[in-house]
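[1] build me a model:
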Amino acid sequence: MSPPPPGVTVLGPQRRPTLGQFVWPDAGGSPGDHTDDRPIAVVTAGWLEREADDGEVRSLLGNRGVNLGLHARWLDVRERDREFAGAAQEHRAVLDELQQNYLVALDHALTALHATAARGGGRPRTAVAAMEDALAVVRLVDERHAMRVRRAHDDFAAAWLPQDRPVIAEHRADVQRRLEDAAGLVVAGGHVGVLLRVLHLFHVAPFVPPTVVSWSAGAMALTERVVLFHDRAPQGPSHAELYDAGIGLLHGVVLLPHARRRLRVDDLPHMAVLAARFAPDRCVVLDDGIRIDIGRDGALPPDARVVGDQGRILAVGTQS
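    Model (predicted):
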C-alpha cells in the first residue's frame with residue numbers, strides 16, 4: 001500500500017522570508033510545539049554552486065535542516081560515471097533542440113491567435129469560433145511538445161537505466177534514507193532546470209515526508225508541468241512556454257511565482273489566453289507574502305489567487 005500524499009505548503013518568493021513562520025506538525029500529524037525533533041530535509045540544488053550556503057534556511061528551521069546536497073551529488077555522478085554524464089549531456093542537447101523547435105511553432109500559433117483576437121468586427125458567433133480554433137492550435141502545439149519531451153525522457157531512461165548505475169544507485173539509497181528519517185521537506189527556488197534534473201535523477205518523489213514546504217522554482221518543480229513565463233524580461237517579452245514535467249506532488253495547477261513582477265496582469269486578454277491554454281489546470285499566482293496550504297486531496301484553499309477565465313486575478317472562493 002502506497003503512503004498517503006503529502007500536505008504541501010507553497011510560499012511566495014522569500015525575499016522577506018516567511019519560512020520561519022511555518023509550524024511543523026508533530027509526530028502525530030497535527031500542529032504542535034516542535035515535539036517532533038526529527039531533521040527536516042532541505043533541497044537548495046537550484047542555487048547551483050551556492051547550494052551549501054543554506055545557513056539562513058537552516059536557522060529559519062530551528063537548525064533542524066539537513067541539506068540533501070542534490071547538486072553536489074550530480075557533480076559526483078558526473079565525475080565518477082563519465083559515460084552516463086556524457087549521455088546526459090547529449091540528452092540535454094536533444095531537449096534544448098526540442099524546446100527551440102517548439103518555440104518557433106508556438107510563436108506562429110500565438111501570433112495567429114492574437115491576430116484573430118484583434119481582428120474585431122464581424123458576427124459574435126463566427127468570432128468566437130475563430131478564437132476557439134486558434135486557441136486549439138496553440139494547445140495542440142503545447143501538447144505535442146509535452147509528448148515529445150516525455151518520450152525523450154523515456155527513451156533516455158530505457159537506454160541508460162539510471163537505477164542500475166552504481167554511483168546513482170548509491171546516492172539514491174542515501175537520499176531515500178535521509179527522506180525517510182525526516183519530519184518534512186523544504187524545496188527552495190533557483191534554477192528550475194537543475195532542480196528538475198536532480199529531483200528526478202535521485203528519485204525524490206516516492207519518499208517525500210508527510211509535510212513539504214516550497215517556494216518559487218522549488219514549488220514549480222513539485223507540479224505535473226512547469227511553465228516558464230516573463231513578459232518583462234530585459235531582453236524583451238517572451239511567450240509562456242511549457243518546459244518540462246515536475247515530480248507530480250501537486251496536481252491540476254500551474255504555479256506563477258513573481259506573477260505581478262513578470263506578467264502583464266493588467267492586460268486581461270493576454271492573461272485570459274494564459275488561463276485558457278492550461279485549463280483545466282488553474283494558473284496560481286504566487287506573489288510576495290503568499291502562503292497556500294494545499295490539502296492531501298490536492299484542493300486549493302478558498303483564498304488562493306488564480307487567473308480567471310476573463311484574465312482577472314481572483315480568489316478561488318469567489319469563482320462560480
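[2] now the strands for the stretch 201-320 of the chain?
    Under the criterion DSSP state E, counting those that start in this stretch, the stretch 201-320 of the chain contains strands at 211-215, 226-230, 238-244, 253-257, 282-286, 291-294, 305-307, 313-315.
[3] against Leu228, how distant is Gly308?
    Per C-beta to C-beta, to the nearest Å, Gly308 is found 22 Å from Leu228. Every C-beta, even on glycine, is put in place using the N, C-alpha and C of the backbone.
[4] so between the two, which is more surrounded?
    A direct count of neighbours by other C-beta atoms under 10 Å for Gly308 and Leu228 places Gly308 higher, at 20 against 17.
[5] quick check, that one in contact with Val285.
    No: checked against C-beta atoms under 8 Å, the pair Gly308 and Val285 is beyond contact range at 10.8 Å.
[6] from the centroid of this structure, which residue is nearest?
    Centroid check for the chain by C-alpha atoms, centre = their mean gives Met220 as the closest residue, at 1.7 Å.
[7] now Gly295. Nearest residue, chain neighbours left out?
    Once flanking residues are discounted, Gly295 sits nearest to Gly7: 6.5 Å by C-beta to C-beta, 6 or more residues apart in numbering.
[8] burial count for the one you found?
    Neighbours of Gly7 (other C-beta under 10 Å): 18.
[9] now do Arg177
    Other residues lying near Arg177 total 11 when counted by other C-beta under 10 Å.
[10] before we move on, which element is it in?
    helix 166-180 (DSSP states H and E).
[11] could you find the closest non-adjacent residue to Asp107?
    His239 (6.5 Å).
[12] and the one you found, what does it touch?
    103, 106-107, 110 (C-beta atoms under 8 Å, 6 or more residues apart in numbering).
[13] now list the buried members of those residues.
    For those, a burial check counting by 16 or more other C-beta atoms under 10 Å picks out 106, 110.
[14] now intersect the contacts of His239 with the helices, please.
    103, 106-107, 110 (DSSP state H).
[15] format these as CSV; extra columns: pLDDT.
    Output for the ones in helices among the contacts of His239, formatted as CSV (pLDDT from 0 to 100):
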residue, pLDDT
Leu103, 96
Leu106, 97
Asp107, 95
Leu110, 95
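[16] would a markdown table of those with distance to His200 be doable?
    Below are the ones in helices among the contacts of His239 laid out as a markdown table (distance: C-beta to C-beta, whole Å):
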| residue | distance to His200 |
| --- | --- |
| Leu103 | 23 |
| Leu106 | 24 |
| Asp107 | 28 |
| Leu110 | 29 |
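[17] pick the one among these closest to Trp160.
    Trp160 lies nearest to Leu103 out of those, by C-beta to C-beta, at 27.0 Å.
[18] I'd say that closest one and Glu241 touch.
    Yes: contact status for Leu103 versus Glu241: in contact at 6.3 Å, counting by C-beta under 8 Å.
[19] low pLDDT regions in the stretch 101-250 of the chain?
    120-121, 236 (pLDDT under 70).
[20] all helices of it, in order?
    Using DSSP state H, counting those that start in this stretch, the helices found in the stretch 101-250 of the chain span residues 124-160, 166-180, 192-201, 216-220.
[21] buried residues, stretch 185-201. List them.
    185-190, 192-201.
[22] please apply the same query to stretch 170-185.
    Within stretch 170-185, the residues that count as buried by 16+ other C-beta under 10 Å are 171-172, 175, 178-179, 182-185.
[23] just the CA trace of it, in PDB.
    Output of stretch 170-185 as PDB, limited to C-alpha atoms (Å, rounded to 0.1, in the frame of the first residue of the first chain):
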ATOM      1  CA  GLU A 170      24.400   4.700  -4.100                       C
ATOM      2  CA  HIS A 171      23.100   8.300  -4.000                       C
ATOM      3  CA  ARG A 172      19.500   7.300  -4.400                       C
ATOM      4  CA  ALA A 173      19.700   4.900  -1.400                       C
ATOM      5  CA  ASP A 174      21.300   7.600   0.800                       C
ATOM      6  CA  VAL A 175      18.700  10.200  -0.300                       C
ATOM      7  CA  GLN A 176      15.900   7.700   0.400                       C
ATOM      8  CA  ARG A 177      17.200   7.000   3.900                       C
ATOM      9  CA  ARG A 178      17.500  10.700   4.700                       C
ATOM     10  CA  LEU A 179      14.000  11.400   3.500                       C
ATOM     11  CA  GLU A 180      12.500   8.500   5.400                       C
ATOM     12  CA  ASP A 181      14.200   9.800   8.600                       C
ATOM     13  CA  ALA A 182      12.900  13.400   8.100                       C
ATOM     14  CA  ALA A 183       9.900  15.100   9.500                       C
ATOM     15  CA  GLY A 184       9.500  17.300   6.400                       C
ATOM     16  CA  LEU A 185      11.000  18.500   3.200                       C
END
